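Chemist: sequence and predicted structure are below.
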Amino acid sequence: MKKNIVVMSGLMVLLCVFLANLYILGTFNMNIYQLLFSNNQLTQEDREYLKARGTLVYGSDDNSPPLRFYDGVAGEYKGLAVDYLRALAIELETEIKFEPMIWEDALRALERGETDLCDMYPSKERSDIFLFSNPVYYQRGIIVVPKDNVTIMDIGGLKGLKVALQKGDYVNEFLRQQDLNITFVSTRDYEESLDLLIGGQVHAIAGDEPVISYFMSKHNLEDQYKIVDQPLYELPMVLSTSKSDKRLNLILNKGIYALTKKDIITKIQQKWFGISTPIAADIRGRNVRLLFLGLASVSFIVVLLILLWNMELKKAVKMRTEELEISRNNLQTMIDGINHMIVVVTEDWTVLSANRIFNSLCLEAELQEKGPINLGTVFLGWNEWARSQWTKNFAPCERILYGKTYFISPYHIQYNDMLTPSLLLMFEDITDKKINAARLLQDNKMAAIGQLATGVAHEIRNPLGLIRNYTFLLKRQPEDRALLKSALPIIEESVDRASSIIDNLLNFSRLSDNRINRVDMKSMIEKMIQLNERLMNRSHIVCRSILEEIYAELSEESIKHILINMMNNAIDAMAKEGQLTLWLKSGENGPVIHIIDTGSGMSQETQHKLFDPFFTTKGVGEGTGLGLYIVYNELQKNGGRIEVVSKEGVGTTFKVYLKG
């Protein structure tokens, strides 16, 4: 497209140069190069040449009014051409002498060198003898016939007829070239030619329009004779010099250029013809034609540019459409390759596009493509609240659909004002992930229970021992009412203690959901301490608790996982002895639990990797490295966070921030 624009721009430049050249040729009778780069001013050398040459002699006919004629009454040579030559003499700073004579004699005098210049029509025959200047003015050749003649309408009507012509005039050369078998009658001047026409000796006369018109008006012949509408020619009138006088010819052209710029010929014409200008070049008409030609050409090029632009646009649109189609197909292929279900819907849940997994689900749900699919017909039971959450708040959520659990993430698609606002829904199948997460939690819980098993067994053995001892005594002394009275409360208390320990362990180990409920934080932490009490005693660890009465809306199972993992890590960090402090207090957004141990502490490198899965500082068989990873994930799910502050050789503090 750029290449076409450059070519068209080049054509427009060339066209402008061409039109400007035509204008300059018509106005100054030279091309644009000559106007811009030639020396058109009279030089000192030109002046010296003219001074050395002396007076220039102009010879021409004496009876061609109003162009040139001798006024016997005034005793001087007059006419339009004479006035122009006088103006030219002033411009060239020289003197021109006028020699009126018969036209044929004027041509011979110029040829013999008796005169220096004459005005005439340029022609091939004359160019063998004379040099021609740039045009001075323009004239038409015409035909005059009796007014009642209807056969002579143009030059063809002269065929085989008698025609009167001024001897030596250009019209003789012109008509002889037409091969019309005309009988030529030569006359001294145009007035004699008119006399022959009036006398019926010729059928027509031909020659210069201004002169013939002048004589017809002078003798009142307009009513009897007419000028044929079709002119013979319209040619420039030039100044001619001898073939050998090239320097004079160049100087004359400079003078003509200066007079043309000053529009002298128009002013002289107004003197001789009034407001009409019958012999000047039709500059206004030519300029109008040039303007029309220029506008037409520019319009053509503009239209051509528009067409080319339109073709290029169509081509570009086609290419872009193909690229978009390829891109769309590639995008669809990529989307179809994604394991998540992806759907684009409008605000009223009409499905605009979807990937392969969704289409497969539609087929399973026996939804045929009879028309636009609505998401509400695919996933029954979805209410307006869910749509509002996605279209306004873009809040992700979990939903069970066709027996599988999906994590649904909504994304707003921003279009311009011309397109319908849309929503992209990404359905991630997290069924296996949730099952695996639950299994991981349960496995972690069972591992913690395994750690607690020894302590729990010992705790149960103590009340069982008391029960067995008192049972033995009661069997031996069944009638001892005092022993029975003192034994029964101890047996009952031991049973309750064993039952409490078993219940606590069962509650912790139970596979349950993550429902949010009101949790007594203090009571729950006390039970976690009780579960770990024997383990801490065995390691000579003192447990200190600072617990506020706090109730919070939380997932109790998640908090249990978090606490048991944190406490086990703290116990492992202190090895044989130390102090574990559990501090429960209220924070800005919910409960805050500090788990503080006096263990060996951690390096900065260890702290950076602390929550990575399978990272552990324990030996082989002593831990999986998933405890703190589970803590981190459970806190993320429940909107909480964890911070750690540790110093080697001093201990570690974990700060658990809960939301509830």
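Modeler: Looks like it came in fine.
Chemist: let's verify the residue found closest to residue 66 once you drop the neighbours it is linked to in the chain: helix, strand, or coil?
Modeler: Nearest residue to residue 66 in three dimensions, chain neighbours excluded: residue 272, at 4.7 Å (C-beta to C-beta, 6 or more residues apart in numbering). Placement of C-beta: from N, CA and C, glycine included. Recorded secondary structure, residue 272: helix (DSSP: H, G, I helix; E, B strand; the rest coil).
Chemist: would you confirm that residue 272 contacts residue 82?
Modeler: No - counting by C-beta atoms under 8 Å, residue 272 does not reach residue 82; the two are 10.4 Å apart.
Chemist: more crowded one of these two?
Modeler: Comparing residue 272 with residue 82 by neighbour count (other C-beta atoms under 10 Å), the higher total belongs to residue 82, at 23 against 19.
Chemist: ok, and the closest non-adjacent residue to the more buried one?
Modeler: Leaving aside its chain neighbours, residue 82 sits nearest to residue 68 (5.5 Å; criterion: C-beta to C-beta, 6+ apart).
Chemist: try residue 421
Modeler: In space, and not counting its chain neighbours, residue 421 is closest to residue 347: 6.2 Å by C-beta to C-beta, 6+ apart.
Chemist: now do the contacts for the residue nearest to residue 66.
Modeler: Listed by C-beta atoms under 8 Å, 6 or more residues apart in numbering, the contact set of residue 272 reads 66, 79-80, 83.
Chemist: quick check: the farthest pair among those residues?
Modeler: Pairwise distances across those peak at 10.0 Å for 66 and 83 (criterion: C-beta to C-beta).
Chemist: show me where the stretch 351-500 of the chain has its strands.
Modeler: Assigned by DSSP state E, counting those that start in this stretch, the strands in the stretch 351-500 of the chain fall at 351-354, 397-401, 404-413, 422-429.
Chemist: make JSON lines from these and add distance to residue 45 to it.
Modeler: What follows is those, written out as JSON lines (distance: least, C-beta to C-beta, whole Å):
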{"stretch": "strand 351-354", "distance to residue 45": "88"}
{"stretch": "strand 397-401", "distance to residue 45": "102"}
{"stretch": "strand 404-413", "distance to residue 45": "84"}
{"stretch": "strand 422-429", "distance to residue 45": "86"}
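Chemist: what would those strands look like in TSV with mean neighbour count, distance to residue 246 and mean pLDDT?
Modeler: What follows is the strands of the stretch 351-500 of the chain, written out as TSV (neighbours: other C-beta atoms under 10 Å; distance: least, C-beta to C-beta, whole Å; pLDDT from 0 to 100):
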stretch	mean neighbour count	distance to residue 246	mean pLDDT
strand 351-354	18	86	80
strand 397-401	13	103	75
strand 404-413	16	84	79
strand 422-429	18	86	80
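Chemist: quick one: closest of those strands to residue 94.
Modeler: Evaluated over the strands of the stretch 351-500 of the chain, closeness to residue 94 peaks at strand 404-413, with 89.5 Å, by C-beta to C-beta.
Chemist: what angle do strand 422-429 and that closest one make with each other?
Modeler: Angle, strand 404-413 to strand 422-429, by axes from the mean of the first three to the mean of the last three C-alpha atoms, to 10 degrees: 160 degrees.
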